[in-house]
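Dropping the sequence and predicted coords here.
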Amino acid sequence: MDSFLEPFRKSILIKVLLFLAMLFYNFVLNAQVDTNSNLFKTLKSKDSILFERAFNNCEIEKLSPIIADNFEFYHDVSGIQNKEQFMEVIKKNLCTNPGNNTRQLVANSLEVHPLNNNGVIYGAIQKGKHTFQQKQKGVLKTVGIADFTHLWILKNKIWKLKRVLSYNHKSYSE
């Protein structure tokens, strides 16, 4: 057995090639899905319901069906919220003056990474960047930017948002 390993021990090239092969293998297994895939399109549409319909247009009734009962929202400025608290904050803070605050997905920032169990998809991680606009003197102005990471779980063929990380909030300057 020692004679079998001898070339490996002495050859830097073999070590480098092995390392690159392992790196490539890891990259392929953990790569995000293509933007034309059904998974990407499905979760992008869920993002649209979450933000365009509920956050921007205050269609709160669209929100509850896509959020898991044990939902948790972690925000680097306002702390932790459960489903009930999250929906209440949207109602109170955004929907008392609809159209005064909006959120926009930053173009080409959305990524989707599937989660599998023995080759069967059970969830996905969705991440990206978004900007926030606020009406100032009657005109929406971009005032902030942040990162987000969503954990979506697929149960009984229905996607539910289970965890949200909203972080790296910064003032926006062009």
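Happy to help now that I have it. Numbers count the residues shown, from 1 in each chain.

ranges for the helices of this protein?
All helices of the chain, identified by DSSP state H, fall at 2-10, 12-30, 38-48, 83-89.

Of these, which shows the lowest average pLDDT?
Ranked by mean pLDDT, the helices of the chain bottom out at helix 12-30, which scores a mean of 54.

In this structure, mark out all the strands, start to finish.
67-75, 79-82, 101-105, 111-117, 120-136, 139-155, 158-171 (DSSP state E).

Just put the ones you listed in JSON lines and tack on mean pLDDT, distance to residue 38 and mean neighbour count.
(C-beta placed from N, C-alpha, C; glycine too.) Shown next, in JSON lines, are those (pLDDT from 0 to 100; distance: least, Cβ to Cβ, whole Å; neighbours: other Cβ atoms under 10 Å):
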{"stretch": "strand 67-75", "mean pLDDT": "97", "distance to residue 38": "21", "mean neighbour count": "16"}
{"stretch": "strand 79-82", "mean pLDDT": "96", "distance to residue 38": "30", "mean neighbour count": "12"}
{"stretch": "strand 101-105", "mean pLDDT": "92", "distance to residue 38": "19", "mean neighbour count": "18"}
{"stretch": "strand 111-117", "mean pLDDT": "97", "distance to residue 38": "10", "mean neighbour count": "15"}
{"stretch": "strand 120-136", "mean pLDDT": "96", "distance to residue 38": "10", "mean neighbour count": "16"}
{"stretch": "strand 139-155", "mean pLDDT": "96", "distance to residue 38": "12", "mean neighbour count": "16"}
{"stretch": "strand 158-171", "mean pLDDT": "97", "distance to residue 38": "12", "mean neighbour count": "15"}
